[in-house]
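Novice: sharing a sequence plus its predicted fold:
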Amino acid sequence: MQITLPRLFGAATLAGAVLIAGCGNGDDAAEVRSIKVGTMSGPESEVMEVAVQIARERYDLEVEIIEFTDYVSPNAALADGSLDANAFQHEPYLQSMINDRGYDLAVAGYTFVYPIGAYSERYDSIEELPEEALIALPNDPTNGGRAMILMHNAGLIELDDPENLEATPVNVIDNPNNFSFREIEAAQLPRVLADVDLAFINNTFAQPAGLHLDDALIKEGPESPYVNLIAVRADDVEREEIQQLVSAYQSDEVAEKALELFDGGAVPGWK
């Protein structure tokens with residue numbers, strides 16, 4: 001998105017005439033540099049607010065946060081120019097959106113790993129899951145795939161290809177306990193937790209719902225490849241304002257805020 005830079009003009013009187021001075025005249029010049037970044041509503045936005053403050057103090061860059069509550073809109077808004085960047089997704093999900101929708105987007109920098117975990121209000125361990133248990137999964141391809149791979153690795157099911165990052169229930173070739181699966185929008189999963197036996201919930205939505213990663217019956221470890229990122233339009237990767245935003249985000253202050261808000265459920269992906 002092309003940003004129009006407002007100009008501050010000074011007035012001078014010369015021989016009775018008022019001349020308008022251009023913006024390039026030393027101290028009379030004032031340049032407003034600003035960008036818009038999309039985040040998930042909640043603690044991720046609070047983390048971004050720290051980066052916004054750093055960007056203002058270090059680079060004189062104004063960053064406006066636009067909050068979203070779903071995983072589809074932020075990339076659509078970035079692609080159509082409503083945003084300059086977004087920070088909410090991992091690379092497999094970004095790649096799936098690029099492949100499915102033809103977006104010309106790219107990675108500008110990395111943020112945090114937000115592990116996905118399996119939670120239950122009915123059982124205290126995976127071993128307690130009954131026959132024909134109902135399991136809720138995120139309905140987007142990559143996060144649903146994360147859940148399927150976790151179940152495979154835990155021995156609950158067997159997948160035809162455990163390396164398939166977009167595995168779905170149709171890829172299950174062995175389901176010895178006859179589990180059934182319900183695919184639900186990620187943001188809605190905490191709300192259905194009481195109605196299912198097990199739900200795989202991204203930490204983005206688990207933490208605001210009062211769920212702690214330590215309580216998950218299955219969870220991703222620090223080796224997870226699902227590092228979240230700052231995405232931009234491909235032509236803007238080297239844009240000065242974008243690189244300054246990335247630098248502001250990849251700071252100790254932001255890492256400390258994430259540690260406070262997520263209580264260990266956010267691992268810096270740039271270190």
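Specialist: Structure received. Residues are numbered from 1 along each chain as shown.
Novice: quick one: contacts for residue 149?
Specialist: Residue 149 makes contact with 159, 162, 165, 167, according to Cβ atoms under 8 Å, 6 or more residues apart in numbering. Quick note: C-beta positions are derived from backbone N, CA and C, even for glycine.
Novice: mind checking which helix or strand residue 87 is in?
Specialist: strand 85-90 (DSSP states H and E).
Novice: show me what that strand is packed up against.
Specialist: strand 34-40, helix 43-59, helix 73-79, strand 227-233, helix 240-249 (3 or more Cβ pairs under 8 Å, 6 or more residues apart in numbering; DSSP states H and E).
Novice: what about 6 Å?
Specialist: Contact partners of strand 85-90 among helices and strands, from 3 or more Cβ pairs under 6 Å, 6 or more residues apart in numbering; DSSP states H and E: strand 34-40, helix 73-79, strand 227-233.
Novice: between the ones you listed, which one is nearest to residue 91?
Specialist: strand 227-233 (6.0 Å; Cβ to Cβ).
Novice: quick one: that closest one to helix 43-59, angle?
Specialist: 60 degrees (axes from the mean of the first three to the mean of the last three Cα atoms, to 10 degrees).
Novice: okay, now residue 63: neighbour count?
Specialist: 25 (other Cβ atoms under 10 Å).
Novice: are we agreed that it is in a strand?
Specialist: Yes: Residue 63 forms part of a strand when assessed by DSSP: H, G, I helix; E, B strand; the rest coil.
Novice: and for it, nearest residue in space, chain neighbours not counted?
Specialist: Distances taken as Cβ to Cβ, 6 or more residues apart in numbering place residue 52 nearest to residue 63, at 4.5 Å, with adjacent residues excluded.
Novice: correct me if wrong: residue 257 contacts residue 45.
Specialist: No: using Cβ atoms under 6 Å as the test, residue 257 is too far from residue 45 to be in contact (11.2 Å).
Novice: related to what we said a few turns ago, just the C-alpha atoms of the strand holding residue 87, please, in PDB.
Specialist: The C-alpha trace of strand 85-90 is given here as PDB (Å, rounded to 0.1, in the frame of the first residue of the first chain):
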ATOM      1  CA  ALA A  85       1.700  -6.400   8.000                       C
ATOM      2  CA  ASN A  86       0.100  -9.000  10.200                       C
ATOM      3  CA  ALA A  87       1.500 -11.100  13.000                       C
ATOM      4  CA  PHE A  88      -0.700 -14.100  14.000                       C
ATOM      5  CA  GLN A  89       0.200 -17.200  11.900                       C
ATOM      6  CA  HIS A  90       2.900 -19.800  11.400                       C
END
